[in-house]
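A.B. asks: Next comes the sequence, and after it the predicted model I'd like to discuss.
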Amino acid sequence: AREIGDRQGEGNTLGNLGIAYNSLGQYERAIEFHQHSLTIAREIGDRAGEGRALCGLGNAYTNLGQYERAIDLYQQYLAIAQEIGNRQGESAALGNLGIAYTSLGQYERVINFHQQALIISREIGDRQGEGQDLGNLGTTYESLGDYDQAVNYANQHLTVAREIGDRRGEGAGLRELGVALLKQELTTKALENLQAALNIFQEVKSRNDEAEALKNLAELHQALGAVAVAQQYCEQALALATELGIPLKTECEALLSDLGKSNDC
């Protein structure tokens with residue numbers, strides 16, 4: 001692209017490299033590539049490319065736990081998507097804003113964002129987006145303590161993911177379902193779903209999701225009183241979260257500390 005002076009191709013390829021590094025958990029490097037992509041998109045007036053770069057940056061900053069910064073980037077992305085009539089981008093931006101606002105505990109706002117995203121995904125026939133929106137709603141209701149709703153949305157997410165062959169989405173649906181079932185103290189079913197989720201995340205090499213599932217399995221075994229097993233899962237989750245440099249690291253450290261106290265007793 002550089003050799004032939006294709007600036008748009010250069011920007012798109014830089015953005016794709018950013019997406020790849022984000023998937024590998026190398027968030028700082030992902031930011032570098034997305035930033036280069038954003039610069040080129042603005043230089044050549046590529047509004048769609050600018051939106052994609054802003055989304056990629058927002059995703060990387062979300063993974064690093066820098067939510068305020070991510071929200072600003074997603075809002076810019078949303079404005080561009082609405083301006084150029086990119087309905088799929090609009091839905092993605094709304095969903096990402098919902099995820100970022102979850103960290104701030106603004107759940108009514110979060111539900112509103114995800115419901116708007118779900119409406120658009122269904123209008124345009126974006127099945128993968130629909131599944132993600134359903135999963136996000138389920139996770140939000142789980143945070144609010146409405147576990148019946150959480151199970152309902154997780155099951156819908158799982159159904160959509162399986163219908164379209166979205167393996168990572170299937171893993172996410174299984175994990176969401178497992179977490180909600182654990183909160184309902186249905187530990188046998190929860191274990192079955194969380195273990196299946198972990199297997200899929202390892203298969204598709206979604207390392208962020210793998211770390212989350214390992215932590216969930218640690219919490220499940222803690223609830224069962226199997227402290228030694230819980231510690232093993234928690235140590236694996238902590239090692240992965242530390243390697244990835246994600247906020248989950250702090251949660252794993254706190255859980256490991258609790259498990260240590262349980263062991264002492």
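C.D. replies: Right, received. Where do you want to start? Computed from a predicted model, the values in this text were never measured in an experiment. Numbering: from 1, shown residues only.

A.B. asks: okay, CA-based contacts and neighbour counts for the rest of this
C.D. replies: OK.

A.B. asks: Give me the below-cutoff pLDDT ranges for this structure.
C.D. replies: The chain contains residues with pLDDT under 70 at 262-265.

A.B. asks: tell me the domain boundaries of it?
C.D. replies: 1-85, 107-181, 206-265 (automatic domain parsing).

A.B. asks: any idea which of those is most buried?
C.D. replies: Stretch with highest mean neighbour count among those: domain 107-181 (a mean of 22; mean count of other CA atoms under 10 Å).

A.B. asks: And for residue 65, nearest residue in space, chain neighbours not counted?
C.D. replies: Nearest residue to residue 65, sequence neighbours excluded (CA to CA, 6 or more residues apart in numbering): residue 247, at 5.8 Å.

A.B. asks: cool, and residue 171?
C.D. replies: That would be residue 197: by CA to CA, 6+ apart, it lies 4.3 Å from residue 171.

A.B. asks: Isn't the one you found up against residue 179?
C.D. replies: No - contact criterion CA atoms under 8 Å: residue 197 and residue 179 do not qualify, at 10.8 Å.

A.B. asks: returning to that earlier point: of the domains of the chain, which is nearest residue 91?
C.D. replies: domain 107-181 (4.3 Å; CA to CA).

A.B. asks: can you give me how far that closest one is from the chain middle?
C.D. replies: With CA atoms, centre = their mean, to the nearest Å as the basis, domain 107-181 stands 11 Å off its chain's centre.

A.B. asks: Could you work out the end-to-end span of it for me?
C.D. replies: 21 Å (CA to CA, to the nearest Å).

A.B. asks: what do you get for stretch 174-191?
C.D. replies: 10 Å.

A.B. asks: Just the CA trace of stretch 137-146, in CSV.
C.D. replies: The C-alpha trace of stretch 137-146 is given here as CSV (Å, rounded to 0.1, in the frame of the first residue of the first chain):
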residue,chain,number,x,y,z
LEU,A,137,-28.1,-7.1,28.3
GLY,A,138,-27.8,-10.4,30.2
THR,A,139,-24.5,-9.4,31.8
THR,A,140,-26.1,-6.0,32.9
TYR,A,141,-29.1,-7.7,34.5
GLU,A,142,-26.7,-10.1,36.3
SER,A,143,-24.9,-7.1,37.7
LEU,A,144,-28.3,-5.8,38.9
GLY,A,145,-29.1,-9.1,40.6
ASP,A,146,-31.9,-10.0,38.2
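
A.B. asks: Point out the other helices and strands that the helix or strand harbouring residue 175 packs with.
C.D. replies: For residue 175, the enclosing helix or strand under DSSP states H and E is helix 167-183. If you count contacts as 3 or more CA pairs under 8 Å, 6 or more residues apart in numbering; DSSP states H and E, helix 167-183 packs onto helix 127-143, helix 147-164, helix 187-203, helix 207-223.

A.B. asks: need the ones you listed in CSV with distance to residue 42, can you?
C.D. replies: Shown next, in CSV, are the helices and strands packed on helix 167-183 (distance: least, CA to CA, whole Å):
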stretch, distance to residue 42
helix 127-143, 27
helix 147-164, 35
helix 187-203, 36
helix 207-223, 31
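
A.B. asks: and of the ones you listed, who's closest to residue 173?
C.D. replies: Closest among those, once you apply CA to CA, is helix 147-164, at 4.6 Å.

A.B. asks: closest to residue 258 out of the helices and strands packed on helix 167-183?
C.D. replies: Among the helices and strands packed on helix 167-183, if distance is taken as CA to CA, the winner is helix 207-223, at 9.5 Å.
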